[in-house]
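**Q** Just need the structure, nothing else, for what follows:
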Amino acid sequence: MQILGIIPARYASTRFPAKALVDIGGKSMIQRVYEQSSKATHLSQIIVATDDERILDHVHQFGGKAVMTSENHQSGTDRCFEALQKTEGNYDYVINIQGDEPFISPEPINSLAKVLDGTIELATLVKIIDSQDILCNVNVPKAVLNKRQEVLYFSRQTIPYLRGVEPENWLDAHTFYKHIGIYAYRVDVLEEITKLEVSSLEKAESLEQLRWLENGYSIKAVITSDDSHGVDTPDDLDRVTRKFLS
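**A** I've put the predicted structure just below:
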């Protein structure tokens with residue numbers, strides 16, 4: 001399988017403008033994401049998809065590959081499709097790697113890539129929840145899986161609801177999954193889903209991936225032990241810097 005890794009990197013960010021270029025221990029965030037992702041042995045190539053010349057030039061300066069994409073994309077998925085169209089080569093899948101995880105491990109990327117066999121339409125990562133705080137945090141999407149390890153539904157609420165069990169005992173009574181937002185798309189499916197209109201479930205939960213489920217696409221879930229350490233705010237940056245560079 002030929003798999004293209006794409007790192008979407010916008011310049012404008014409501015909570016943290018220019019975070020792709022912020023310095024983290026002598027390297028920019030986007031450089032750290034690029035270098036960590038480059039360690040994933042199952043990727044054929046990695047590129048940054050950006051909407052700003054400053055990010056484009058910076059990636060080229062540290063020796064990375066990047067393409068310019070529109071400022072008007074509503075999601076990283078749409079940006080990935082445009083970047084795919086502008087990248088030479090024939091690819092079977094695209095993996096969308098979050099541009100705000102400077103210390104991402106290559107292992108979950110490889111784990112996701114390993115399941116891509118040509119029949120899988122879409123795939124993503126999930127992690128078993130072991131914290132009551134995470135379980136009840138509406139900012140952390142959860143996933144419910146079927147017996148084939150495909151996603152039945154994503155929600156910000158704690159699902160499923162365990163009738164007859166006190167909430168403080170739910171982790172002992174059932175396996176809950178946290179969704180980690182790295183996606184793999186088969187290239188024909190990537191083109192199709194970028195043409196879909198925003199769905200009612202997507203609007204309700206503010207989760208893009210529900211649009212795909214609502215339109216009948218199958219999403220394979222790959223269970224990982226690695227957690228996500230995204231940077232959405234300057235406070236997040238302080239937290240991950242202390243964790244990984246102290």
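
**Q** now the strands: where do they sit in the protein?
**A** 3-9, 23-24, 27-28, 45-50, 66-68, 93-96, 122-128, 142-145, 151-155, 177-186, 219-223 (DSSP state E).

**Q** Which residue, neighbours along the chain excluded, lies closest to the residue nearest the centre of the chain?
**A** By CA atoms, centre = their mean, the chain has its centre lying nearest to residue 182, at 2.5 Å. Leaving out its chain neighbours, the residue that sits closest to residue 182 by CB to CB, 6 or more residues apart in numbering is residue 125, at 5.2 Å. The way it works is simple: take the backbone N, C-alpha and C, and place the C-beta from them, glycine included.

**Q** Correct me if wrong: the one you found contacts residue 110.
**A** No. Residue 125 is beyond contact range of residue 110, at 11.3 Å (criterion: CB atoms under 8 Å).

**Q** Comparing those two, which shows the higher neighbour count?
**A** A count of neighbours by other CB atoms under 10 Å puts residue 125 above the other of residue 125 and residue 110, at 23 against 14.

**Q** How much space separates that one from residue 97?
**A** Look at residue 125 and residue 97: by CB to CB, to the nearest Å, they are 11 Å apart.

**Q** quick one on the thing from earlier: looking at the strands of the chain, which is buried most?
**A** Compared across the strands of the chain, strand 3-9 shows the largest average neighbour count, a mean of 26 (mean count of other CB atoms under 10 Å).

**Q** Show me the contact partners of it.
**A** 20, 30, 33-34, 37, 40, 42-50, 55, 76, 79-80, 83-84, 87, 89, 91-99, 109, 113, 116, 184 (CB atoms under 8 Å, 6 or more residues apart in numbering).

**Q** about what we covered before: take the strands of the chain and lay them out in a markdown table including distance to residue 232 and mean pLDDT.
**A** Converted to a markdown table, the strands of the chain look like this (distance: least, CB to CB, whole Å; pLDDT from 0 to 100):
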| stretch | distance to residue 232 | mean pLDDT |
| --- | --- | --- |
| strand 3-9 | 14 | 97 |
| strand 23-24 | 14 | 92 |
| strand 27-28 | 17 | 94 |
| strand 45-50 | 18 | 97 |
| strand 66-68 | 22 | 97 |
| strand 93-96 | 17 | 98 |
| strand 122-128 | 18 | 98 |
| strand 142-145 | 19 | 98 |
| strand 151-155 | 19 | 98 |
| strand 177-186 | 12 | 96 |
| strand 219-223 | 23 | 98 |
